[in-house]
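1. how would this look folded up:
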Amino acid sequence: MSKTFTKTKSFLSTLSICIFLSVFLTTEIRAEEKKEEPKFKLEFHGFVNYEMSYDTRQVVAGREGNIMLFPAQEILDDDGNDINDNPSLTYYALTSRLWTSIHGPDILGAKSYAHVEGDFMGTAPDKYNHIRLRHAFIRLDWEKAQIIAGQYWHPMFVTSCFPGVITFGASVPYHVLSRAPQLRFTYTHDNISLSGTMMTHSDFPTTGPNGPGSEYLRNSNIPEVFFQTIYTGEVLTTGASIGYMLLQPRLETTPYTTNDTLTFRTNETMGSLMGNLFFKLDFPTISIKAQGIYGENMRHLVMLGGYGETDFIDDNRQIRGYTGIHTMSLWTDIETKGEKLRFGLFGGYSENLGSEKEITGEHWGRGTNIAHIYRVAPRVRLIYDNLSFNFEIIYDVAAYGTPDADFSFDQTNEVSNIRTMVSMKYDF
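-> Numbering: from 1, shown residues only. As a prediction, this is how the structure comes out:
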């Protein structure tokens with residue numbers, strides 16, 4: 001009996017050890033499985049970009065000359081010399097960029113994703129080298145549908161078809177450069193996507209009586225609205241966008257004269273349409289992109305154009321109407337696809353097409369004294385893994401003049417600038 005008891009005790013002890021080891025190993029395996037499948041995956045990326053630029057004359061530009069728009073107009077001194085005929089040299093690193101991508105768990109049957117991105121361009125001319133929010137959005141991806149909520153590219157900036165130039169700004173003012181707080185819904189079926197976007201303005205605002213600001217769109221109580229369709233094939237990508245923006249420039253009228261103190265409430269608005277057509281041909285050794293843009297009051301897209309006041313609607317209360325300044329832009333961009341060496345060429349043209357009604361009061365916009373501009377910019381890239389050396393020459397011409405009441409130009413004077421741009425960029 002003693003031997004039987006001893007054997008039973010030994011068996012129970014062995015069984016207990018086996019059960020303990022089984023539970024322990026199962027717990028460890030489950031813990032390992034949890035470690036292998038985290039709820040969130042974070043990725044950090046960015047680049048450091050050192051740039052050098054030399055202009056043959058003064059230019060209209062932003063952020064210490066980095067965001068170049070067009071050559072500055074002639075200003076003659078008393079001897080007839082052009083004050084702006086003076087070269088300029090600049091070094092900068094403020095386009096360097098950091099971003100994080102967050103891949104999260106499935107939510108409502110959709111893959112969840114978030115993105116936060118910043119650079120050091122600042123949000124105003126006196127705030128360069130300050131940290132600036134570029135993108136901050138949430139994205140939910142279903143099989144055929146997508147929602148983006150947050151600050152992201154304006155729909156007119158098509159991420160699959162924009163100039164691959166070296167200088168910052170994607171060749172503004174020939175191409176759109178704008179980001180905006182928005183809510184965007186996209187539906188995709190086979191190769192075709194349809195999207196609708198509602199936006200307000202932040203650091204890419206319109207302008208008006210009180211200077212640049214988001215108040216003019218806010219006061220209209222209607223967001224900027226855009227619709228877009230894109231076809232994406234193996235070689236061809238093409239699409240179109242159309243949108244509408246409504247502003248309320250003033251809440252009260254301005255007096256006739258400085259001695260007149262009467263003011264009245266006004267709710268007159270300025271509505272504008274804008275849109276684009278674009279395509280990209282993507283071959284094994286070269287890509288070809290092109291886009292046409294047309295609209296009125298596209299100042300918030302960093303393009304030519306604006307709007308102004310028409311005659312009085314109510315003489316007694318000094319209430320005026322508004323009309324937009326129409327502009328168009330055409331550009332094309334070609335780039336080779338070498339692994340170590342790439343060549344590219346950009347060409348763009350933009351023109352002021354005038355206003356439908358005469359502008360008899362104040363007007364606001366960008367380049368409203370320019371009839372047309374054009375640009376030719378060849379470039380070359382030398383790539384060593386994460387490091388690239390980039391060289392670009394930008395030839396710009398702007399035709400300045402004095403517009404009449406409907407913003408047409410009879411006589412213009414062309415001025416030109418050549419910018420030489422060199423950069424060293426390290427991606428990570």
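
2. so what's the closest residue to residue 204 other than its chain neighbours up against?
-> In space, and not counting its chain neighbours, residue 204 is closest to residue 178: 4.2 Å by CB to CB, 6 or more residues apart in numbering. Where C-beta positions appear, they are placed from N, C-alpha and C, glycine not excepted. Neighbouring residues of residue 178 by CB atoms under 8 Å, 6 or more residues apart in numbering: 153, 154, 156, 157, 204, 300, 301, 302.

3. tell me, how many neighbours does the third one end up with?
-> When counting by other CB atoms under 10 Å, one arrives at 25 neighbours for residue 156.

4. in what helix or strand does the nearest residue to it once chain neighbours are set aside lie?
-> Nearest non-adjacent residue to residue 156, counting by CB to CB, 6+ apart: residue 176, 4.2 Å away. Assignment of secondary structure by DSSP states H and E places residue 176 within no helix or strand.

5. can you report how many residues lie near residue 176?
-> Residue 176 has 28 nearby residues by other CB under 10 Å.

6. could you do residue 43 as well?
-> For residue 43, using other CB under 10 Å, the count is 10.

7. next, the contact list for it, please.
-> 100, 101, 102, 103.

8. for the stretch 51-200 of the chain, give me the ranges with low pLDDT.
-> Under the criterion pLDDT under 70, no range of the stretch 51-200 of the chain is flagged.

9. tell me which of the contacts of residue 178 is nearest to residue 69?
-> residue 302 (7.7 Å; CB to CB).

10. still on that earlier bit, out of the contacts of residue 178, which sit inside helices?
-> Secondary structure defined by DSSP state H assigns none of those to helices.

11. adding distance to residue 363, write those residues out as JSON lines.
-> Converted to JSON lines, the contacts of residue 178 look like this (distance: CB to CB, whole Å):
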{"residue": "153", "distance to residue 363": "28"}
{"residue": "154", "distance to residue 363": "23"}
{"residue": "156", "distance to residue 363": "23"}
{"residue": "157", "distance to residue 363": "26"}
{"residue": "204", "distance to residue 363": "20"}
{"residue": "300", "distance to residue 363": "16"}
{"residue": "301", "distance to residue 363": "18"}
{"residue": "302", "distance to residue 363": "18"}
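
12. out of those, who's nearest residue 286?
-> Once CB to CB is applied, the member of those that ends up nearest residue 286 is residue 157, at 22.8 Å.

13. confirm that residue 163 sits in a strand.
-> No. Counting by DSSP: H, G, I helix; E, B strand; the rest coil, residue 163 is not found in a strand; it is coil.

14. please tell me I have it right and it contacts residue 335.
-> No. Residue 163 lies out of contact with residue 335 (CB atoms under 8 Å); the separation is 9.2 Å.

15. these two: who's more crowded?
-> Comparing residue 163 with residue 335 by other CB under 10 Å, the one with more neighbours is residue 163, at 23 against 19.

16. quick one, phi/psi of the more buried one?
-> phi -60, psi 140 (degrees, to the nearest 10).

17. OK, contacts around it?
-> So residue 163 contacts 170, 171, 174, 175, 289, 331, 333, 346 (CB under 8 Å, 6+ apart).

18. same deal with residue 389?
-> 381, 382, 422, 423, 424.
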